[in-house]
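**Student:** what's the 3D shape of this:
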Amino acid sequence: MIYGDKFSTPKLLVLVAGVHMEESYKNLYDIFNKESYARLKYLSEKSGLPFICIAFEVGVEEIDKVYFAEQCGEFRELTLNELKEIFQTYDLPIKDSTTQKYLNDKTSSAYHNWQRDNLGDEITVSDIDLWIIHLNSNIPIAILEIKRSKIPLDSWTPYKNDYPNFKLISNLCNMSNIKFKIVYYHMGEGTTYRPEDISKVKVFDVNFKKDPPISSPGRIISLLDFIISEEWITNE
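**Tutor:** You can find the predicted model right below:
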């Protein structure tokens, strides 16, 4: 996850995981020290942004603590209030309030519920949907924001309300010298089942250093070209 201020300036990279605490939290390093850890560590080194890890317990009705480490070093236990104080040390304009226990539910996690209700509306937060990794060097070369809806492929364009989040990711990518793309595909209507059509996708180039920041009308490519071609990644 990427945390920034209200101007979409990136301030902090956070790797968040829900875990089953069957063992001591001191062993969390083994859980985090994998591909996702390596990706964010790379972005941290390229962008100069701090990088932290947060684990919260799943399989319980509510949480009142998390497990925290800087760059997945030694984990320590924090209350939710202490976690909020940690966020404030990274130059994030966090809302001043006291938090108690937070519930897990079927639609979200206790951590995300806590974040939404307690960090305030003066920050911008985005997650990373998908990475494009260079086959030989094994380093990120692009970040993808994945969108889907019932709107036909040729009609859909990115929503203006999402621009602050797009700008946050774009700013991080510019700081890290990697590409940022929005990828859209069509999802049908339905109540119990909504068919997804990924035979073709629509790609938008995103760079908030340019005007306009998002290419229009985007380009539609086949799934095969999306998988094997590098042109849609490198071109802007």
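**Student:** Strands of the protein, start to end?
**Tutor:** 2-5, 10-19, 51-57, 62-63, 65-70, 76-79, 102-103, 123-126, 130-133, 140-149, 179-187, 196-205, 219-222 (DSSP state E).
**Student:** Describe which strands the fifth one pairs with in its sheet and in which direction.
**Tutor:** Based on DSSP bridges, the strands next to strand 65-70 in the sheet, each with its direction, are strand 51-57 (antiparallel), strand 76-79 (antiparallel).
**Student:** so the longest one versus strand 10-19, what angle?
**Tutor:** With axes from the mean of the first three to the mean of the last three Cα atoms, to 10 degrees as the criterion, the two stretches strand 51-57 and strand 10-19 enclose an angle of 30 degrees.
**Student:** Kindly export strand 51-57 (C-alpha atoms) in PDB.
**Tutor:** Included here for strand 51-57 are C-alpha records, laid out as PDB according to Å, rounded to 0.1, in the frame of the first residue of the first chain:
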ATOM      1  CA  PHE A  51       9.000   1.100   4.100                       C
ATOM      2  CA  ILE A  52       7.200  -0.700   7.000                       C
ATOM      3  CA  CYS A  53       5.400  -4.000   7.600                       C
ATOM      4  CA  ILE A  54       2.100  -4.500   9.500                       C
ATOM      5  CA  ALA A  55       0.500  -7.800  10.400                       C
ATOM      6  CA  PHE A  56      -2.900  -8.200  11.900                       C
ATOM      7  CA  GLU A  57      -4.600 -11.300  13.100                       C
END
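**Student:** Might you list the low-confidence residue ranges for the protein?
**Tutor:** Within the chain, the stretches with pLDDT under 70 are 22-26, 72, 97-108, 190-191, 236.
**Student:** Quick test: name the residue nearest the centre of it.
**Tutor:** Using Cα atoms, centre = their mean, the residue of the chain that lies closest to the mean C-alpha position is residue 127, 1.3 Å off.
**Student:** how near is that one to residue 143?
**Tutor:** 10 Å (Cβ to Cβ, to the nearest Å). Heads up, the C-betas are built off the backbone N, CA and C, glycines and all.
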